[in-house]
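S.K.: no sequence on this one, just coordinates:
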């Protein structure tokens, strides 16, 4: 790239084009950037004219990035990333915690991560946070492209160079509508549970993967009545009497408090999993990302106390003792 071309380009044009390429559309890019769509189109057109080759092709309403466009997008990501790191490094030299934090979380984590962001932003008002929520496959795709600073998920992908750190339990429990015949029973066997119709998340969901792995290890196969793409849909369907389900306890706090759903006392449950903070191996975390990373680890202790209280409210005395022992063991192992 010669010096003349460098003088023709602007950071604004590069940022706009990177957003268009990442989101595969002008309308979505305009929404994210808080710009009018004609402004976005003009910036991309000026960038294309400065470079002298087409950066994209539009077939119908779909945007296809050209080979040149892919090169420009990669350069744009490097340039904007470098300036963001510079901004945060300068803030660090001044003793400030300031800059931009990009976090991507799986859908179930949306039940507790936003509650942690409020106190964090009040403590660090100069940190701007962008949070994307998606199903597991969407978040894994973002992780593979290294689009964000940190990722929160329950089942980190295998075969990818990543660093993961567990920071809070993610117990998966069996739920039923209030008044279900199993609601008042104790020590229900998995074989008896398998006689009931079940509602499960879609294939590829982290919650479903954990549940299926656990059930397979115990030789149990559920009768799946319906697959649903969100926890909200499943909770409504269970409350309506369509079947039972296995969900993260983090997603059930409101419904349990209102007694719309009940936890079942099933042998072998809850399935003990963890929530993980994940990032690409070798990624240099900014001071802002490291600050949030440490904050999550500290808040994980408080979240676990809340979870244990919620489980103890519906557990048998024997299970309360087992959970207390397990909690003590985990505390010692940390």
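M.R.: Yep, that arrived. If you're wondering where the values come from, they're calculated on a predicted model, not measured in any experiment.
S.K.: check which helix or strand covers the closest residue to residue 228 other than its chain neighbours.
M.R.: Distances taken as CB to CB, 6 or more residues apart in numbering put residue 234 closest to residue 228, at 5.0 Å, once the chain neighbours are dropped. For the C-beta atoms, the positions are set from N, CA and C on the backbone; glycine is no exception. Following DSSP states H and E, one finds residue 234 within helix 231-239.
S.K.: do you know how far the residue positioned nearest the centre of the chain is from residue 169?
M.R.: By CA atoms, centre = their mean, the chain has its centre lying nearest to residue 105, at 1.4 Å. Distance, residue 105 to residue 169, by CB to CB, to the nearest Å: 16 Å.
S.K.: Report the contact partners of the residue nearest to the centre of the chain.
M.R.: Contacts here follow CB atoms under 8 Å, 6 or more residues apart in numbering; on that basis residue 105 touches 113, 131-133, 139, 151-153.
S.K.: Quick one: list the elements packing against the helix holding residue 234.
M.R.: On a contact count with 3 or more CB pairs under 8 Å, 6 or more residues apart in numbering; DSSP states H and E, helix 231-239 meets strand 172-177, strand 197-201, strand 223-228, strand 244-248, strand 261-263.
S.K.: Tell me the helix or strand right after the fourth one.
M.R.: Per DSSP H and E, the first helix or strand lying C-terminal to strand 244-248 is helix 253-257.
S.K.: What of the shortest one?
M.R.: On the C-terminal side of strand 261-263, the nearest following helix or strand under DSSP H and E is strand 274-280.
S.K.: Off-centre distance for that next one?
M.R.: 9 Å (CA atoms, centre = their mean, to the nearest Å).
S.K.: what does stretch 300-312 give?
M.R.: On CA atoms, centre = their mean, the centre of stretch 300-312 falls 20 Å from the chain's centre.
S.K.: and if you look at stretch 58-75?
M.R.: On CA atoms, centre = their mean, the centre of stretch 58-75 falls 27 Å from the chain's centre.
S.K.: related to what we said a few turns ago, for the residue nearest to the centre of the chain, grab phi and psi.
M.R.: Per-residue torsions, residue 105: phi -130, psi 150 (degrees, to the nearest 10).
S.K.: That one - nearest residue in space that isn't next to it in sequence?
M.R.: residue 152 (4.1 Å).
S.K.: show me the residues around the one you found that make contact.
M.R.: 103-106, 109, 113, 275-278, 296.
S.K.: What is the nearest of those to residue 251?
M.R.: residue 109 (9.3 Å; CB to CB).
S.K.: And what about that closest one, helix, strand or coil?
M.R.: When classified by DSSP: H, G, I helix; E, B strand; the rest coil, residue 109 comes out as helix.
S.K.: For it, give its distance to residue 164.
M.R.: Counting by CB to CB, the gap from residue 109 to residue 164 is 14 Å.
S.K.: These two: who's more crowded?
M.R.: residue 109 (24 against 15; other CB atoms under 10 Å).
S.K.: mind checking pLDDT for that one?
M.R.: Note on residue 109: pLDDT of 93.
S.K.: Also residue 6?
M.R.: pLDDT for residue 6: 57.
S.K.: Thank you, goodbye.
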